[in-house]
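S.K.: Pasted the sequence and its predicted model underneath.
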Amino acid sequence: MINGELKVISQAWECQKAAGIDTIPVPIEKYLEVVHAKMEVRYDLDPTEAGQCFEIGSKRVIWVNGTHSPERQRFTALHELAHLYLKMPSQHGRVLSVDALYRYSSKPPEEILCDIFASECLFPRRLFTADVGRSVCGMKSVRKLADDYGASLTATGSRFAAYSKDFCAWILAEDRRVRYVSCSPVLREAGFWLSIGIEVPQHSVLGQLISGTADGTLDVVPSFTWTNNECKGLSEFCEEAILAPSLSQGMSLIWAEETDDRDRSVVAPRLEYDELLPELDGQLHFGKRARRK
């Protein structure tokens with residue numbers, strides 16, 4: 001699906017340019033103008049419905065569930081907008097359920113591509129790259145960026161790792177198994193590899209949180225805890241983890257300190273390997289959001 005991802009990312013950038021996006025959090029209404037659609041916040045949808053997208057004659061309408069968090073509503077709108085812009089038929093039917101949007105396992109390729117499009121629109125590359133470059137690794141940074149961009153912690157963490165210049169990775173687990181990994185370019189080049197579908201390592205911080213054997217969210221773990229590959233010069237990782245019990249999900253951010261025997265020159269993110277994570281359940285709240293030029 002790599003070629004499909006590259007094409008969708010390119011189309012998302014075209015959509016950003018057409019919308020004239022230059023501020024964060026991105027104004028959804030500018031994207032709606034590009035596809036000639038109207039968004040309606042509805043409070044009569046079933047709690048399990050994230051939203052709907054349909055056309056009535058020449059009218060295009062996107063519904064989002066008003067009882068959901070602002071972060072959830074924004075991503076729902078952009079996901080449905082992707083179907084319109086890409087002319088890609090929905091595989092979830094007209095109604096988009098919370099389970100279809102926010103859980104990662106068994107998601108159809110078409111829906112993943114719409115997630116990728118939505119992610120690129122939510123995190124404009126030029127703006128987000130600069131912000132990540134000014135941030136240090138850690139959940140605190142991910143939380144702040146999530147707040148600034150009006151996005152979920154899961155989506156922000158995925159993009160954070162993809163654009164980071166540090167040795168870091170964002171790991172999503174669902175039902176105790178690794179479902180998604182977003183890896184920084186330098187960590188990937190160092191040889192880090194983590195197989196999708198494996199059980200979360202028992203001695204990782206996330207593994208201990210899931211099993212209830214520890215209540216700490218930050219610790220240092222040997223590098224072999226998360227990978228069997230030899231990563232030269234990287235003997236241990238800092239790991240910070242969080243659980244989202246309502247969706248049976250857990251997330252870890254792992255990172256290694258700078259090493260003396262490595263070239264830390266800037267490496268451009270290889271976007272063809274990056275996929276968007278599903279949105280979290282919206283129960284994680286952040287501080288007041290700032291709008292910046």
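M.R.: Now that the structure is in, tell me what you want to look at.

S.K.: what pLDDT, on average, does stretch 127-135 get?
M.R.: Taken as a whole, stretch 127-135 has an average pLDDT of 96.

S.K.: scratch that, stretch 151-170 is what I was asking about
M.R.: Across stretch 151-170, the per-residue pLDDT values average to 94.

S.K.: now do stretch 238-255
M.R.: For stretch 238-255, the mean pLDDT works out to 90.

S.K.: Kindly report the same for stretch 216-227.
M.R.: Regarding stretch 216-227, the rounded mean pLDDT is 94.

S.K.: Run the chain-centre distance for the host helix or strand of residue 7.
M.R.: Residue 7 belongs to helix 2-19 when assigned by DSSP states H and E. How far helix 2-19 lies from its chain's middle: 16 Å, per C-alpha atoms, centre = their mean, to the nearest Å.

S.K.: what do you get for stretch 184-198?
M.R.: The chain centroid and the centroid of stretch 184-198 are separated by 17 Å under C-alpha atoms, centre = their mean.

S.K.: Next, the contact list for the spatially closest residue to residue 31 that is not a sequence neighbour, please.
M.R.: In space, and not counting its chain neighbours, residue 31 is closest to residue 19: 5.1 Å by C-beta to C-beta, 6 or more residues apart in numbering. Where you see a C-beta, it was placed from the backbone N, CA and C, and this is true even at glycine. By C-beta atoms under 8 Å, 6 or more residues apart in numbering, the contact set of residue 19 is 30-31, 33-34.

S.K.: Filter those residues down to the buried ones.
M.R.: In terms of neighbour count (16 or more other C-beta atoms under 10 Å), the buried residues within the contacts of residue 19 are 30-31, 34.

S.K.: Residue 82: which of the residues you listed is nearest?
M.R.: Among these, residue 31 lies closest to residue 82 (C-beta to C-beta), at 9.7 Å.

S.K.: any idea how far residue 200 is from the closest one?
M.R.: 36 Å (C-beta to C-beta, to the nearest Å).

S.K.: Residue 7 too?
M.R.: 33 Å.

S.K.: Tell me which of the two has more neighbours.
M.R.: Comparing residue 7 with residue 200 by neighbour count (other C-beta atoms under 10 Å), the higher total belongs to residue 200, at 23 against 12.
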